[in-house]
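>>> what follows is a predicted protein model with its sequence.
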Protein chains: 2
Amino acid sequence: MPAAATRDQIVAAADRLFYHHGYEHTSFADIAGAVGLSRGNFYYHFKSKDAILDAVIDARLADTRRVLEQWEAEAPTPAGRIMRYVEIVLTNRADIQDYGCPVGTLTTELAKLEHSMLGQAGRLFALFRAWLREQFALLGPADQADELAMHVLAFSQGVAVMANAFHDEAFIRREVDRMRDWLSTYEK
Amino acid sequence: MPAAATRDQIVAAADRLFYHHGYEHTSFADIAGAVGLSRGNFYYHFKSKDAILDAVIDARLADTRRVLEQWEAEAPTPAGRIMRYVEIVLTNRADIQDYGCPVGTLTTELAKLEHSMLGQAGRLFALFRAWLREQFALLGPADQADELAMHVLAFSQGVAVMANAFHDEAFIRREVDRMRDWLSTYEK
DNA sequence: GACCTCGTAGGACGACTGTCCTAGAGCGCC
DNA sequence: GGCGCTCTAGGACAGTCGTCCTACGAGGTC
């Protein structure tokens, strides 16, 4: 198999395992087993575990940009786009109840490990933040846009942590409804 | 030194290390170094690492009960008591920015490890949830009390994750103010 | 002084970690 | 057929992990 395809498989498997079991708890052997390669062979594709994490974050950044573009194409109004973001906690409720938010849990873990890639992971949050800020700037006063973006991010993280802790789907729905009501007060 | 005192020291050190660096990332050697004991000696006090975690959670449960009682003694109104909870993200802002919420991050980590002690850690959340529910039941309709308790818990977790990711104290203050305004609409 | 219990130090144990090296299989190109 | 490149398997390596055992020193009791 060409190296690029194998590399993509490794990144995809590592992405899933990092999300499900955490970065530190995922070993080379785990990733190797998931891809079907020998452990020692990894050095040919990635020179370290950190390099895999870097590639996973890059892949997530690319995926996120693609999703944001899609939301912009599908939802005509800023409020509709923001609701797309809010509703991911509902769309991905099964995964979130099992594993939490992929961005939030990774950032939290890397912060505790004092890991050098923490800044890279922070770019995922920053990407959502900037996009939400843009949408809110179209909705109302520009000097509040960033605060409101942070508020929506905090909403999603709070819901994710609680949904993961209590496995309560009705709770997720209620919080999304609450957010929808709140957002409608800002709608032009 | 008597065994009980050493045991307390181990639990206190483990509590701090689990919070700062995570459960899995904290080794016996780390705790031993913090307490000033030899690694092998731990088996005399705890038969496994899980047993230490169990003791840490028990200690946190006891601490939490004590704090909740204190809040009840100090704040005369239910709304005032709820605000005591809301304001812990401000009171503990330094730690939260560095390490997140002790309860939320532990629960998130144990969920990813599929750790048998996850249920024990969940009791910490349940304790806050039940206490907040009681306060809300005094404030308004009893059938909404649990939903509102969950909403306040989600608030604190969202703020903690974001504060940890962005190290933004002004954000914490804004969110607490927002929560105060929201809570005042429920006040009798 | 002899004894016993409590608490401790130090190290052995097997398993596992991330890293790194080496040999070789497979395949296209001259 | 022979060469060279790409990709892989397998294992060595030093280190750390949680666990567990044994020997011993301190302190109180008979």
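Yes, it's here.
>>> how much space between the residue in chain A positioned nearest to DNA strand D and A:Ala170?
Nearest residue of chain A to DNA strand D: A:Gly40, at 2.1 Å (CB to the nearest atom of the strand). To be clear about C-beta, it is placed using only N, CA and C from the backbone, and glycine gets the same treatment. Distance of A:Gly40 to A:Ala170, given as CB to CB, to the nearest Å: 48 Å.
>>> A:Arg60 too?
Distance, A:Arg60 to A:Ala170, using CB to CB: 29 Å.
>>> these two: which has the busier surroundings?
Ranked by neighbour count (other CB atoms under 10 Å in any protein chain shown), A:Arg60 and A:Ala170 place A:Arg60 first, with 22 against 9.
>>> ok so, going back, count the residues that sit near the residue of chain A closest to DNA strand D.
For A:Gly40, using other CB under 10 Å, the count is 9.
>>> OK, now which residue of chain A is nearest to chain B?
Nearest residue of chain A to chain B (CB to the nearest CB) works out as A:Gly158 at 2.8 Å.
>>> and that residue, what element?
A:Gly158 belongs to helix A:142-166 when assigned by DSSP states H and E.
>>> the very next helix or strand once past that helix close to chain B?
The helix or strand immediately downstream of helix A:142-166 is helix A:169-184, counting by DSSP H and E. Yes: applying CB under 8 Å from any CB of the partner chain, one finds helix A:169-184 touching chain B at A:Phe171, A:Arg174, A:Glu175, A:Arg178.
>>> so helix A:169-184 versus helix B:142-166, what angle?
Computed with axes from the mean of the first three to the mean of the last three CA atoms, to 10 degrees, the direction of helix A:169-184 lies at 70 degrees from that of helix B:142-166.
>>> can I have helix A:169-184 written out in PDB, keeping just the CAs?
Provided in PDB are the C-alpha atoms of helix A:169-184 (Å, rounded to 0.1, in the frame of the first residue of the first chain):
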ATOM      1  CA  GLU A 169     -30.600  12.600  26.200                       C
ATOM      2  CA  ALA A 170     -33.600  14.500  27.500                       C
ATOM      3  CA  PHE A 171     -31.200  16.900  29.200                       C
ATOM      4  CA  ILE A 172     -29.400  17.600  25.900                       C
ATOM      5  CA  ARG A 173     -32.700  18.400  24.200                       C
ATOM      6  CA  ARG A 174     -33.800  20.700  26.900                       C
ATOM      7  CA  GLU A 175     -30.600  22.600  26.800                       C
ATOM      8  CA  VAL A 176     -30.700  23.000  23.000                       C
ATOM      9  CA  ASP A 177     -34.300  24.300  23.300                       C
ATOM     10  CA  ARG A 178     -33.100  26.800  25.900                       C
ATOM     11  CA  MET A 179     -30.300  27.900  23.700                       C
ATOM     12  CA  ARG A 180     -32.700  28.300  20.700                       C
ATOM     13  CA  ASP A 181     -34.900  30.500  22.800                       C
ATOM     14  CA  TRP A 182     -31.900  32.600  24.000                       C
ATOM     15  CA  LEU A 183     -30.600  32.900  20.400                       C
ATOM     16  CA  SER A 184     -34.000  34.100  19.100                       C
END
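>>> and it, how far from the chain's centre?
Distance of helix A:169-184 from its chain centroid, counting by CA atoms, centre = their mean, to the nearest Å, is 20 Å.
>>> what lies in contact with that helix?
A:79, A:82-83, A:86-87, A:89-90, A:93, A:96-97, A:152, A:155, A:158-159, A:162-163, B:147, B:150-151, B:154 (CB atoms under 8 Å, 6 or more residues apart in numbering or on different chains).
>>> buried residues, the one helix or strand in chain A whose mean pLDDT sits lowest. List them.
Least confident helix or strand, chain A: helix A:42-45 with a mean of 89, by mean pLDDT, DSSP states H and E. Neighbour counts over helix A:42-45 (16 or more other CB atoms under 10 Å in any protein chain shown) mark A:Phe42, A:His45 as buried.
>>> do stretch A:94-109 as well
For stretch A:94-109, burial by neighbour count (16+ other CB under 10 Å) applies to A:96-97, A:99-109.
>>> and it, is it in reach of chain B?
Yes: contact of stretch A:94-109 with chain B (CB under 8 Å from any CB) involves A:Asp98, A:Tyr99, A:Gly100, A:Gly104, A:Thr105, A:Thr107, A:Thr108, A:Glu109.
>>> among the residues you listed, which pair sits farthest apart?
Farthest-apart pair in those is A:Asp98 and A:Thr107; separation 18.3 Å (CB to CB).
>>> returning to what we had before: and the residue of chain A closest to chain B, how far from B:Tyr85?
From A:Gly158 to B:Tyr85 the distance is 14 Å (CB to CB).
>>> shaky segments in chain A?
Residue ranges of chain A with pLDDT under 70: A:1, A:188.
>>> spell out which parts of it neighbour DNA strand D.
Applying CB under 7 Å from any atom of the strand, we find that chain A lies next to DNA strand D at A:1-4, A:6, A:36-41, A:43-45.
>>> near DNA strand C, from those?
A:Arg39, A:Gly40, A:Asn41, A:Tyr43.
>>> among the buried residues of stretch A:94-109, which lie within helices?
The members of the buried residues of stretch A:94-109 that map onto helices under DSSP state H are A:Ile96, A:Gln97, A:Tyr99, A:Pro102, A:Val103, A:Gly104, A:Thr105, A:Leu106, A:Thr107, A:Thr108, A:Glu109.
>>> okay, those in a markdown table with distance to A:Leu118 next?
Output for these, formatted as a markdown table (distance: CB to CB, whole Å):
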| residue | distance to A:Leu118 |
| --- | --- |
| A:Ile96 | 22 |
| A:Gln97 | 26 |
| A:Tyr99 | 19 |
| A:Pro102 | 15 |
| A:Val103 | 12 |
| A:Gly104 | 13 |
| A:Thr105 | 13 |
| A:Leu106 | 9 |
| A:Thr107 | 7 |
| A:Thr108 | 10 |
| A:Glu109 | 9 |
